[in-house]
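> Got a predicted structure plus its sequence, pasted below:
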Amino acid sequence: MKILVTAKRVTDPDMKIKVKPDGTGIVTDGMNYKINPFCEIAVEEALRIREKGNQAEIVVVGIGPKEAATELRTALAMGADRAILVLIDKYYDSTVVAKILKKIVEEEKPDLILTGKQAVDDDSNQASQMLAALLGYPQACFASKIELTDGGKKAKVTREVDGGLETIQVELPAIVSADLRLNEPRYPTVPNILKAKKKPLKEVPVDSLGIDVTPKTEFVKMTEPPTRKAGIKVPDVATLVDKLKNESKVL
Amino acid sequence: MASNFSIDKKDIFFTLFDLFEVEKIYKDIPAFRDQTREDFEMILSEAANFATNTIAPINQPGDKNPVRFEKGEVIVPKEYLEAYKQFCENGWVATSGDPEFGGQGLPNGIHSSASEMFFAASIAFYMYPGLTMAAARLIKAYGTEEMKKKYVHRLYTGEWQGTMCLTEPSAGSAVGDLKATAKREKDHYLITGQKIFISAGEHNMTSNHIHLVLARVEGAPKGIKGVSLFLVPKFMVNDDGTLGARNDVECIGIEHKMGIKASATCTLSFGENGKCIGYLIGEENKGIQYMFMMMNEARMGVGLQGLACASAAYLEALKYAQERIQGTSIEDFKNADAPRIPIIKHPDVKKMLATMKAYTEGMRMLCYQASVFADLAENSLDPEIKEKNHGLLDLYTPIVKAYCSDMGFKVTELAVQVFGGYGYCSEYPVEQYLRDCKIASIYEGTNGIQAMDLLGRKISMKGGLLLMTFLNDFNVWCEENTNHPAFGELVKKLEATKNRLAEVSMKFAELSMGGDMAYPAFSATNYLHMFGDTVLGWLWVKAAIVAEKKLNELFAKKGIKTDEAKAKEIAENPDAAFYDGKIKTAHFFVNHLMTRTEWLAQSILSLDRSGLDINFIQ
Ligand SMILES: Cc1cc2nc3c(=O)[nH]c(=O)nc-3n(C[C@H](O)[C@H](O)[C@H](O)COP(=O)(O)OP(=O)(O)OC[C@H]3O[C@@H](n4cnc5c(N)ncnc54)[C@H](O)[C@@H]3O)c2cc1C
């Protein structure tokens, strides 16, 4: 079988993010990047499916600038077989991502498409669902467990939903998005890191895909979250109650 | 635990790739030719992830629940088992090992940098694989083909533990006084004796132990010239690689220590029943020569421990100083309502942090430079370059070991100071760094022994050639840079310090020519520190020159021209702040820390022997 996995390059969630004063984006000077943690889980899951004895080719896809190859290399070092990087250098939204992925899926014809449930930079959580709609494939989002059934023709997916777990079965090809508890991704080993550069990584300019990449949304502005005002000390309980009643109106 | 363990990847990358341009150096070495900066960065990033996420979290538990000794077995803290297994599976044991035997074939420069990260996360933990790697490399270099086949691979994977067994109760610094004996028996020897303080000598993380033991063959000459090296497996290894009978070597106790409590420090008894089998490595009576390979590597490793502790403690202190609010600005001393400020704003705290930064990053440059010497000494195709770097590595090894362990301890001590009372309490991690770091100045040859090695052996080696090579390069560099538009002043100060070092070195030569042994030995530690400070000064000015170039490129790329705009960029852009910080720290080091060389020089050149002449009474 063939498994297609996404690997998005995102800003390191452990770093402090600063918004540019003119609101056109974030300050990228000195920024570190990482593979989106949910995508990392998706890659890990693909590897585990293969390790369970399923013959599988694992192809990772990234969309972004040339530098996004670094995150694809990480996925290759974890054990994926080859990578495709769709180069795009202008603003794009989830609809564009879904259209690009659709094109790649049409070319690659994978049996299973694994994605992260969302990217930790823009937190949109919609590319996978849109992709399923465009392709007309079944989808199972927020997976916490994946099991191939029916000789690999179907996937049984446990989903984390509010207040519990839901288990559904989808027919392949399908799209499954990974949630946090699906697995704990492995570290790439040193030999695999060194092998990763010998694995194929194909760069595809987005224009060559012959699709319309006009986003459905428009980027307007980015602002910092409001900083919390410093607290004040009140002399006694009466003042506190008064302030809660009349100033903040919580009582 | 209130730990903020971090690794200064930015500085590590700057030092490797911008300052030393290792990628260019490695391009000329066939073994490393296909490795690119991208590979190195990825490997080091993964090393940083592993150190941060898997090793650092077990460092404090290991301190609270040290190794235990039960009926001849040594039990490591339970967290160690899984971490060690993963560490091995991920291929971190033999990063610089020969690929033919399952090593990863990376250069020493990259190995050192990964080692720094692992040590920073936990000295106690990384000592286990560190020793294994050094033991395997020794066997690979001097062992028979059969030994190589049997042992190296299993050590490189971390499946077995390697140890180095030199020390005995009456043979610590004086290794040549050791008493362990070896009696020839057909194809092997029978070893008898006791070794103490053997790191990783016994534990439950590996299925076998391969001890490298120094012992004296019957009838061998006295002293160091009569010492031979033996390979002693804990379990005998059959020809098919399976484990055979238990050898007659036993752990009879472990030490309870000030720090690195999760590292097993064992007393090993060899041949209690007269049946301890050992295999000779190389030739009889040449043991110390072979062991020196392992010791030199271990000395580099110990220098890295000093650096690593310093780095971890400094980064903890830096974070704490930015968060801890205490007092008001000195400028506001009359105003009781002045805002309370983070302690980093107090000039005395700044001074401590600047000192820590200057020594830490300086030691990093020193350690990595020595590793690059090692790469060129081992692998350069040009025999002249090979020879030269061999010499420089020999010269630098005692400095790396002793200077970095002393200054690393100094930096961890400052970290405790920055934390105030909290630093003294075990809720915060810095007091553990202080305790863990202390061992580095003691083992692998005490720092006193290192100083004697530098002054007594290295300086006079090959008729003073090593020192001459070093000073020649230094002279040429000073001449080329003395009129540097931005750093000419610093270069001139450095030049004066270098000349002072040369002057002091000449004085020692003169004294020893006159037969004075005691005074040079009395001053050897001062000399080593003077040497270290001078090398760090040189490295700092080099770093400043590179940083300034990078900073100007950054300004040019963004079209930043006015001083105001530059200051704004430095305030807002972490990359610009990084380069600017490098430049300022270079000034700080040269003017405030390198000046220590002057009092060291004055002490040495005073020729005052009163300290030697005190009649100590109780
Ligand atoms: C935690 C730990 C781990 C260790 N691991 C190992 C190991 O794995 N393998 C191993 O073989 N050993 C190991 N050691 C032993 C260590 O290398 C020795 O402790 C060290 O070499 C010093 O020897 P000593 O303790 O006998 O001190 P001594 O030699 O008694 O030294 C005491 C003091 O006298 C000074 N001194 C002694 N002789 C001279 C001299 N000629 N000139 C100037 N000063 C001198 C020393 O510098 C020191 O300050 C370990 C020790 C510890 C504590």
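Received it, and whenever you're ready, just let me know what you need.
> Next, the buried residues of the helix or strand hosting residue B:139.
Residue B:139 is part of helix B:123-142 when elements are defined by DSSP states H and E. Buried residues in helix B:123-142, defined by neighbour count with 16 or more other CB atoms under 10 Å in any protein chain shown: B:123-140, B:142. Any C-beta I mention is one placed from the backbone N, CA and C, and that applies to glycine too.
> Tell me where the model's unsure across chain B.
Along chain B, segments meeting pLDDT under 70 span B:1-3.
> ok, now with 80
Scanning chain B with the threshold set as pLDDT under 80 gives B:1-3, B:618.
> Could you do chain A as well?
Looking at chain A by pLDDT under 80, you get A:227-233, A:248-251.
> what about the helix holding residue B:139, distance to the chain center?
14 Å (CA atoms, centre = their mean, to the nearest Å).
> again with stretch B:318-332
Centroid separation for stretch B:318-332 versus its chain: 33 Å, with CA atoms, centre = their mean.
> And what about the closest residue to chain B within the stretch 1-150 of chain A, helix, strand or coil?
Distances between the stretch 1-150 of chain A and chain B by CB to the nearest CB are smallest at residue A:30, namely 3.1 Å. With DSSP: H, G, I helix; E, B strand; the rest coil as the basis, residue A:30 sits in coil.
> Now for it, how many residues are close by?
The tally of other residues near residue A:30 (other CB atoms under 10 Å in any protein chain shown) stands at 15.
> what about the closest residue to it other than its chain neighbours, neighbour count?
Nearest non-adjacent residue to residue A:30, counting by CB to CB, 6 or more residues apart in numbering or on different chains: residue B:574, 3.1 Å away. Neighbourhood size, residue B:574 [other CB under 10 Å]: 17.
> and if you look at residue B:8?
Around residue B:8 there are 22 residues (other CB under 10 Å).
> Residue B:410 against residue B:360, yeah?
No. At 10.3 Å, residue B:410 does not count as touching residue B:360 under the criterion of CB atoms under 8 Å.
> More neighbours: those two, which one.
For the pair residue B:410 and residue B:360, the greater number of neighbours falls to residue B:360 (26 against 16), based on other CB under 10 Å.
> The stretch 151-251 of chain A against chain B: which residues are in contact?
With CB under 8 Å from any CB of the partner chain as the criterion, the stretch 151-251 of chain A meets chain B at residues A:187-191, A:193-194, A:196-197.
> Which of the residues you listed fall within helices?
Among these, the members found in helices (DSSP state H) are A:190-191, A:193-194, A:196.
> Kindly list the longest strand within the chain.
Just so you know, I chose chain A. strand A:139-149 (DSSP state E).
> I was thinking of chain B, sorry if that wasn't clear
Per DSSP E, chain B has its longest strand at strand B:188-199.
> which helices and strands sit right next to it?
Packed against strand B:188-199 by the contact rule (3 or more CB pairs under 8 Å, 6 or more residues apart in numbering or on different chains; DSSP states H and E) you find strand B:160-165, strand B:181-185, strand B:208-217, strand B:228-233, strand B:265-270, strand B:277-281.
> got CSV for the ones you listed, with mean neighbour count too?
Formatted as CSV, the helices and strands packed on strand B:188-199 follow (neighbours: other CB atoms under 10 Å in any protein chain shown):
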stretch, mean neighbour count
strand B:160-165, 26
strand B:181-185, 17
strand B:208-217, 25
strand B:228-233, 25
strand B:265-270, 23
strand B:277-281, 22
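> I'd like those strands as TSV, with distance to residue B:579 appended.
Formatted as TSV, the helices and strands packed on strand B:188-199 follow (distance: least, CB to CB, whole Å):
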stretch	distance to residue B:579
strand B:160-165	42
strand B:181-185	57
strand B:208-217	45
strand B:228-233	48
strand B:265-270	43
strand B:277-281	49
